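>>> Build the 3D model from these lines:
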Amino acid sequence: MSTTNTYLAICLGSMTSPRMKAWMELPEAERQAKGQEGMAAWHAWVDKHQASIAYMGGPLGKTKKASERGIEDVSNAMSGFLVVRAESHEAAAKLFENHPHFAIFPGEAVEIMPVLPIPSM
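Predicted coordinates for the structure are as follows:
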C-alpha cells in the first residue's frame, strides 16, 4: 500500500477515565441501549466514509511490549485503529469530528497521524 495521503487513526480511551467510570455506572439496560446506539452510529460513520477507509482495522486487545528488557505486559490508551486516505492531514482529522468513539461511547479521542514512506538507504 502506498503511504501517499495515508493516515493512521488511533482510538484512545482509558479504563480509568471519568468517561469510562460514568459508562460503567450506567444501569445495564441503559449501557446496552447506548452500546446499540453507538454501534449503529459507528456503522453509519463507516458507510458515510467508506471511500476514505483504506483498512478498517478494529478494536485492540491487551498489549505486550518487547524491548531490550524482554517481553512484558503493559497498558496504554490505544483501544482501536483504522487507516484512512485523505487529501491532507486536516482533511483526515475532519473525518473524525464527532466520531461515535467519543460522541457516544466513553472513548476519549481519535489521534490521526500521517503514514510516512520508509526512507531509502
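
>>> mind listing the strands for this structure?
6-12, 53-59, 63-67, 70-74, 78-85, 109-114 (DSSP state E).

>>> Name the residues of the fifth one that are buried.
For strand 78-85, a neighbour-count test (16 or more other Cβ atoms under 10 Å) marks Ser79, Gly80, Phe81, Leu82, Val83, Val84, Arg85 as buried. All C-beta spots, glycine's among them, are computed from the backbone N, C-alpha and C.

>>> Neighbours of the nearest residue in space to Ala109 that is not next to it in sequence, how many?
Taking Cβ to Cβ, 6 or more residues apart in numbering as the measure, Ala109 lies nearest to Leu12, with 4.9 Å between them; neighbours along the chain are not counted. For Leu12, the count of nearby residues is 17 (other Cβ atoms under 10 Å).

>>> Check Ser120 too.
The local packing of Ser120 (other Cβ under 10 Å) involves 4 other residues.

>>> now the strands of the chain in CSV, with distance to Glu97 and mean pLDDT?
Rendered in CSV, the data for the strands of the chain read as follows (distance: least, Cβ to Cβ, whole Å; pLDDT from 0 to 100):
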stretch, distance to Glu97, mean pLDDT
strand 6-12, 12, 98
strand 53-59, 16, 96
strand 63-67, 28, 97
strand 70-74, 30, 97
strand 78-85, 13, 97
strand 109-114, 9, 98
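
>>> Now distance to Arg19 too, for those, in TSV please.
TSV is the format used below for the strands of the chain (distance: least, Cβ to Cβ, whole Å):
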stretch	distance to Arg19
strand 6-12	11
strand 53-59	17
strand 63-67	20
strand 70-74	22
strand 78-85	12
strand 109-114	10
